[in-house]
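Novice: show me the folded form of this:
(2 chains)
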Amino acid sequence: MTAVVEGKAIIQDYRIPGGMFARARTVRALKGVDFKVEKGKTLAIVGESGSGKSTLARVIALIDAPTSGELRIEGKPVDIRTRRPGPEMRSKVQMVFQNPYGSLNPRQKIGDVLMEPLVINTDIPAPERRARAEAMLAKVGLQPEHFNRYPHMFSGGQRQRIAIARALMLNPSLLVLDEPVSALDLSVQAQVLNLLADLQDEFGLTYVFVSHDLSVVRYIADEVMVISKGEAVEQGPREAVFANPTHPYTRQLFAATPVTTVASIRARVAQRSMSRAARLAT
Amino acid sequence: MALLNIRNLTVKFATATGSFTAVDGIDVTVDKGEVLAIVGESGSGKSVSMLAVMGLLPDTATITADEMTYDGQDISNLTAAQRRKLIGREITMIFQEPVASLNPSFTTGFQIEEVLRLNLGMSRRAAHARALELYQAVGIPEPEEKLKAYPHQMSGGQCQRVMIAMAIASNPRLLIADEPTTALDVTIQKQILDLLMKLQEDYGMALILITHDMGVVAETADRVVVQYKGKKMEEADVLSLFENPQNPYTRALLSALPENATGDRLPTVSDFFQQEAAR
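Specialist: Sure thing, here's the model as predicted:
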């Protein structure tokens, strides 16, 4: 098996510039993270806000250059500090963002949204671009008549489909998904997760999936990495992490995830009626 | 006797393309000290029906109801002054985006003290003391310091705690929480839900929790109303809803939970309706 993406000791510092009253300081958002994702697999990065999971996603998606560490994509070392990634590298890695309301230009028609990556990164002629965009619309479950519409005419779930379609236009091998379903309703979330699973099978895609929702992670991930305060505190295959969480932070995450089993609801209802009876008695 | 009683509530919006019915004949009753969850996806009218109760809908909305009473008092035709007496004291509400619900130009302490002074007629000194007490009650660390903090200096979870502190300031008998944890992380969500449940028990408030998250419902509610496209699909106590859902839409919602996934695909709501139609 070949690793599509591999990172070694990735460190990311953010400089906070000093002002009139504050001295400049550095925040270390990632403290040396190692990971490796094989072709066709999904790595889920789990953590709370401020843990550095989105920072890592941005490093993997070649948006930000890490302060130090080595990033390899399909075996080749990539260093965007020294050289901007060319169209070839850009085509390999694409990203889908959390908020589908913010990630689409409100003044750009859907067709143009989908064709833009091809305009920038390839020299495919216009008729072919259009054909590919229309084919991609169908792939993500939208209609051909949506081609000439604007983003505001779509629901959140449809917009996230458009964002996914845009990311797939360049036939990437790696897709970085930063909380792609956390802004969506439960039923729409299920549709988008199904779509992602279908696309992974069809194109042999590799996913890096950032989430704070363990129930989604359990559904979609092959490998799980739990990240807390910039450090990977737990890493391993999904079954191992879910069956036996070792780090206290992971346990805390599990404890916080709502349980929807009938047994747990029965226990809660019983406890409530008991405490209510006790209250009435006093 | 029911605290809030709404019968056959309909809300219509006048739009450019004609009238749109957002809520279609909904009945809601809440008893004293009860936790009611209203569940539905976006567009199901779950927020609109509660905004109608609060009188927060824009002028384009037409609200009709056979009965709309709070504690035996008709609330469908209140004057603005009468409504102010009720809303914000007896009935309070918290919203989805805690950071956006606070005014960024004033300290959180100023904002909560303003509520206390205007709604309860407290003096500045008394309001300050009570605000401190409320911050302690909702578990904000270093309450004295945080009273002087602006909303951008606090995290989302802390801002939601401030909102909750404001909402319980007047010892309300009914608190409406509109997706209070949707913008928050799971660990923070757990803390906020635990806090709401604790306060609900301590103060004996009724709580209406509007949510799309079945996990939140399972952790909090006594009784559940499931709403879809402005209509009530099902109403049941929480245990029987999860154990034996009657309505196909409820079953669809429950099976769309990722943890209930069997096999490779998550069943979606539309799959479910197709199955029902084929039967």
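Novice: grab the nearest non-local neighbour of the closest residue to chain B within chain A.
Specialist: Nearest to chain B, among the residues of chain A, is A:Pro258, at 2.9 Å (CB to the nearest CB). Placement of C-beta: from N, CA and C, glycine included. Leaving aside its chain neighbours, A:Pro258 sits nearest to B:Gly215 (2.9 Å; criterion: CB to CB, 6 or more residues apart in numbering or on different chains).
Novice: burial check on that neighbour, number of neighbours?
Specialist: Residues near B:Gly215, counting by other CB atoms under 10 Å in any protein chain shown, number 21.
Novice: ok, and what's touching whichever strand or helix holds it?
Specialist: Assigned by DSSP states H and E, B:Gly215 belongs to helix B:214-220. Residues outside helix B:214-220 that contact it (CB atoms under 8 Å, 6 or more residues apart in numbering or on different chains) are A:186, A:215, A:257-260, A:264-265, A:268, B:35, B:37, B:39, B:181, B:189, B:193, B:196-197, B:207, B:209, B:211, B:224, B:238, B:241-242, B:253-254, B:257.
Novice: same thing with stretch B:3-22?
Specialist: Residues from elsewhere that reach stretch B:3-22, judged by CB under 8 Å, 6+ apart: B:23-32, B:34, B:45, B:48-49, B:52-53, B:57, B:60-71, B:91, B:173-174, B:206, B:208, B:230.
Novice: using PyMOL, define a selection of the buried residues within the residues you listed.
Specialist: Of these, the buried ones go into a single PyMOL selection, burial set by 16 or more other CB atoms under 10 Å in any protein chain shown:
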select buried, chain B and resi 23+24+26+28+29+30+34+45+48+49+52+53+57+61+63+65+68+69+70+71+91+173+174+206+208+230
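Novice: out of the contacts of stretch B:3-22, list just those in helices.
Specialist: If you go by DSSP state H, those have B:Val48, B:Ser49, B:Ala52, B:Val53 in helices.
Novice: so which of these is the closest to B:Leu132?
Specialist: Among those, B:Val53 lies closest to B:Leu132 (CB to CB), at 31.3 Å.
Novice: what about A:Ala263, how many residues close to it?
Specialist: Other residues near A:Ala263 come to 8 when the count uses other CB under 10 Å.
Novice: return the subset of the contacts of helix B:214-220 lying in helices.
Specialist: Per DSSP H, the contacts of helix B:214-220 map to helices at A:186, A:215, A:264-265, A:268, B:189, B:193, B:196-197, B:238, B:241-242, B:253-254.
Novice: give me the contact status of stretch B:165-181 with chain A.
Specialist: No - using CB under 8 Å from any CB of the partner chain, stretch B:165-181 stays clear of chain A, coming no nearer than 9.9 Å.
Novice: send the alpha carbons of that stretch over as CSV?
Specialist: C-alpha atoms of stretch B:165-181 as CSV (Å, rounded to 0.1, in the frame of the first residue of the first chain):
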residue,chain,number,x,y,z
ALA,B,165,-27.5,33.8,33.1
MET,B,166,-29.5,36.6,31.5
ALA,B,167,-32.4,34.3,30.7
ILE,B,168,-32.7,33.0,34.3
ALA,B,169,-32.1,36.4,35.9
SER,B,170,-35.8,37.0,36.5
ASN,B,171,-36.6,33.5,37.8
PRO,B,172,-38.7,32.7,34.7
ARG,B,173,-41.2,29.9,34.7
LEU,B,174,-40.6,29.0,31.1
LEU,B,175,-37.3,29.1,29.3
ILE,B,176,-37.2,28.5,25.5
ALA,B,177,-33.9,27.4,24.2
ASP,B,178,-33.5,27.6,20.4
GLU,B,179,-30.7,25.2,19.4
PRO,B,180,-28.6,26.3,22.4
THR,B,181,-25.7,24.0,21.6
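Novice: that stretch: how far from the chain's middle?
Specialist: Counting by CA atoms, centre = their mean, to the nearest Å, stretch B:165-181 is centred 8 Å from the centre of its parent chain.
Novice: same thing with stretch A:41-52?
Specialist: Here stretch A:41-52 shows a centroid-to-chain-centroid distance of 8 Å under the convention CA atoms, centre = their mean.
Novice: that older thread, and which of the ones in helices among the contacts of stretch B:3-22 is nearest to chain A?
Specialist: For the ones in helices among the contacts of stretch B:3-22, the nearest to chain A is B:Val48 (15.6 Å; CB to the nearest CB).
Novice: in the stretch 151-279 of chain B, which spans are strands?
Specialist: Remark: strands assigned in the stretch 151-279 of chain B by DSSP state E, counting those that start in this stretch are B:174-178, B:206-211, B:223-228, B:231-237.
Novice: need these in JSON lines with distance to B:Ala165, can you?
Specialist: Formatted as JSON lines, these follow (distance: least, CB to CB, whole Å):
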{"stretch": "strand B:174-178", "distance to B:Ala165": "12"}
{"stretch": "strand B:206-211", "distance to B:Ala165": "15"}
{"stretch": "strand B:223-228", "distance to B:Ala165": "26"}
{"stretch": "strand B:231-237", "distance to B:Ala165": "30"}
